[in-house]
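J.: need coordinates for the following:
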Amino acid sequence: MNAIDQAYRTLYSWSETDKAQTCNTLPPHIQRAVDLIERHNIVTGRGHQQALPFDQAELFEAEEMAQEAAAGFQARREAEERLADYIEDVSLLAGRSDLADIADRLRDCRKEGHFGLKPDGGLLVAWANKCGLVRLCPDESREETQRLTEFYLPELLSFANKKPTHRIFYSVLTTHNYRPDDLARGKKELSDKLKDLLHKRVEYCPVSFKDGPACGLRQVVKTKEKLFPMIKGALSVQEDPLSVHGDWNVHQNIFFMVEGAFSYKDLRHFWNAGLYIKELGKDSQSIQSALLEAIKYSAQIVPTKSEVKANEQHNERLNENYGNDRHDQYNSGIDHSNGNSVAPSMIEWPYQRFIEWWDAQQKFRRVRSYGLLYAAHGKRWDRMTPKERLITCTDAELSAKVRQDIIKSPWKEIYQDRPKKEREKIKVKLRHSMVHGEKLDPHSIRWLGSLNYDGRAYRVDLIPGDNFSARQGQKGQLFNDRGSTGPPFH
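T.: Numbers count the residues shown, from 1 in each chain. As a prediction, this is how the structure comes out:
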């Protein structure tokens, strides 16, 4: 069953429920089905025409953009399918049905969708299915990296250029590698140590004096102060790939927002373990490059081309020792030494290590913000127009009642009269939406065609009608009234 048929089935099933007869607005999952059907009708010529016209030059340019994007999507689909095969094997070896479901979600990811032009002229693809597995899917990981960078870059730049004494530092903090079966403890220990660095207060004296009792004696006052009060905010990204030696390389990529003097010596003295730090330039390119490098996932999914020969030799040795079953090649990684070390890609991990890694990621926030950056979501909300807030609430999948309650409220006043647990539950969804939501009104997109993956390559088809080209050649013939013809895109 394709995505459109599934959307119709979802819509029909819901329409027969009691909720459908009484609700004033559509639930988020039903709205997604309706949007998918509407986009499909537009790009297949069954729906209303575009509100904004486009000429053939724009259409051809959009087609070129879609063809170029399809090449990248294809490479990432191939990697994702290899990972899905690996995870399916892991689920069989370990008897984990939940991992079989993960493999299915990876296989169904971004197979078909509609593309169009955004108001700024960029290309947008609305996929029928996205797996949402940012720790596994190459496209989801890439998208999260870009969105996190876009969200935090303005805040870091604004702080850095507000005063001459404001600076941004990039650091990598670690302690030691953690042995197998110890990853969850290692992740918690490193996070707790970072919290101590940023929040721990020490008590010391003397700092100041005040008048004592009537006798006029002066009394020492003990004062608590942060260990590093010059750190006004921070962004932390934790990574934990399997090392070449088979243990866990747990480390934190940190961006420190510093005001005033900052002693590397004091930081090294407190951390008392592996530490790298450098000051970044205050320009957009310097900070953006560091963000992109720090946020992207360090656990490589599949071997790179430069490792193919080494992999073949490695698998030959495994086959001699374990036989030719596919899952046997997951019992070890490539092991080089010294500067030429190549950590194993994820599909080369022993299946026990993948299970340990996957379980350790659950309910663990890989990216965390502190201080001024933690408050950035509230500032962003307060700057939004009512329409932008509505889009954010929709992306957060909040009910119509909640949207109505909060859309005019400043961040600090959102459900101020409700219990903290209930209020924070709403704000967590809003924070996630601000970073990961689409942030675009779907009605502002000029839908131009569709992308479909047949297991080998993506096919790019344009809207039929007066504004489409029936060119033939390397890219094949485009949509016409009888359907799609011509070879698929390679």
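J.: low-confidence ranges in the stretch 51-200 of the chain?
T.: 51-54 (pLDDT under 70).
J.: show me the strands in it, by range?
T.: Per DSSP state E, counting those that start in this stretch, the stretch 51-200 of the chain carries strands over the ranges 112-117, 123-127, 166-174.
J.: of all these, which one is nearest residue 188?
T.: For those, proximity to residue 188 was assessed by Cβ to Cβ; strand 166-174 is nearest, at 14.5 Å. Backbone N, C-alpha and C define where each C-beta goes, glycine included.
J.: helices and strands around the closest one, which ones?
T.: helix 138-160, helix 183-199, strand 251-259, strand 275-279, helix 284-295 (3 or more Cβ pairs under 8 Å, 6 or more residues apart in numbering; DSSP states H and E).
J.: need phi/psi at residue 444.
T.: phi -90, psi 0 (degrees, to the nearest 10).
J.: wait, it sits on residue 117?
T.: No: if you go by Cβ atoms under 8 Å, residue 444 and residue 117 don't touch, sitting 9.8 Å apart.
J.: please say which of these two ends up with more neighbours.
T.: A direct count of neighbours by other Cβ atoms under 10 Å for residue 444 and residue 117 places residue 117 higher, at 21 against 13.
J.: show the contacting residues for the more buried one.
T.: 54, 58, 62, 123-124, 445-446, 448 (Cβ atoms under 8 Å, 6 or more residues apart in numbering).
J.: and the nearest residue to residue 146 once chain neighbours are set aside, what pLDDT?
T.: Distances taken as Cβ to Cβ, 6 or more residues apart in numbering place residue 292 nearest to residue 146, at 8.0 Å, with adjacent residues excluded. Residue 292 carries a pLDDT value of 93.
J.: isn't residue 292 right up against residue 145?
T.: Yes: the pair residue 292 / residue 145 is scored as a contact, 6.3 Å apart, by Cβ under 8 Å.
J.: point out where the stretch 351-490 of the chain drops to low pLDDT.
T.: Using pLDDT under 70, the stretch 351-490 of the chain drops low at 438-442, 464-490.
J.: what ranges do the helices span in it?
T.: 351-361, 376-383, 386-395, 400-406, 420-436 (DSSP state H, counting those that start in this stretch).
J.: could you dump those to JSON lines with mean neighbour count?
T.: Putting the helices of the stretch 351-490 of the chain into JSON lines (neighbours: other Cβ atoms under 10 Å) gives the following:
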{"stretch": "helix 351-361", "mean neighbour count": "18"}
{"stretch": "helix 376-383", "mean neighbour count": "16"}
{"stretch": "helix 386-395", "mean neighbour count": "17"}
{"stretch": "helix 400-406", "mean neighbour count": "15"}
{"stretch": "helix 420-436", "mean neighbour count": "16"}
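J.: any chance of the ones you listed in a markdown table with distance to residue 74 as columns?
T.: Converted to a markdown table, the helices of the stretch 351-490 of the chain look like this (distance: least, Cβ to Cβ, whole Å):
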| stretch | distance to residue 74 |
| --- | --- |
| helix 351-361 | 25 |
| helix 376-383 | 35 |
| helix 386-395 | 28 |
| helix 400-406 | 38 |
| helix 420-436 | 24 |
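J.: and of these, who's closest to residue 198?
T.: Across the helices of the stretch 351-490 of the chain, closest to residue 198 is helix 376-383 (Cβ to Cβ), at 15.7 Å.
J.: and the closest one, what does it pack onto?
T.: Secondary elements touching helix 376-383 (3+ Cβ pairs under 8 Å, 6+ apart): helix 138-160, helix 420-436.
J.: can I get the ones you listed in JSON lines with distance to residue 80?
T.: Shown next, in JSON lines, are the helices and strands packed on helix 376-383 (distance: least, Cβ to Cβ, whole Å):
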{"stretch": "helix 138-160", "distance to residue 80": "6"}
{"stretch": "helix 420-436", "distance to residue 80": "19"}
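J.: nearest to residue 356, out of the ones you listed?
T.: It is, among the helices and strands packed on helix 376-383 and with distance given as Cβ to Cβ, helix 138-160, at 20.0 Å.
J.: who's in contact with the closest one?
T.: 73, 76, 79-80, 109-110, 130-135, 166-168, 232-233, 235, 255, 257, 280, 282, 284, 287-288, 291-292, 295-297, 301, 367, 369, 372-373, 376, 434-436.
J.: at 6 Å what do you get?
T.: Residues from elsewhere that reach helix 138-160, judged by Cβ atoms under 6 Å, 6 or more residues apart in numbering: 76, 79-80, 110, 133-134, 166, 168, 235, 257, 282, 284, 287-288, 291-292, 295-297, 373, 376, 435-436.
J.: quick one: the strands of the stretch 51-200 of the chain as TSV, columns for distance to residue 388 too.
T.: Formatted as TSV, those follow (distance: least, Cβ to Cβ, whole Å):
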stretch	distance to residue 388
strand 112-117	20
strand 123-127	17
strand 166-174	27
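J.: and those, which is most packed in?
T.: strand 112-117 (a mean of 23; mean count of other Cβ atoms under 10 Å).
J.: can you tell me the centre-most residue of this protein?
T.: residue 144 (2.6 Å; Cα atoms, centre = their mean).
J.: any figure for the gap between that residue and residue 349?
T.: To residue 349, residue 144 is 22 Å away according to Cβ to Cβ, to the nearest Å.
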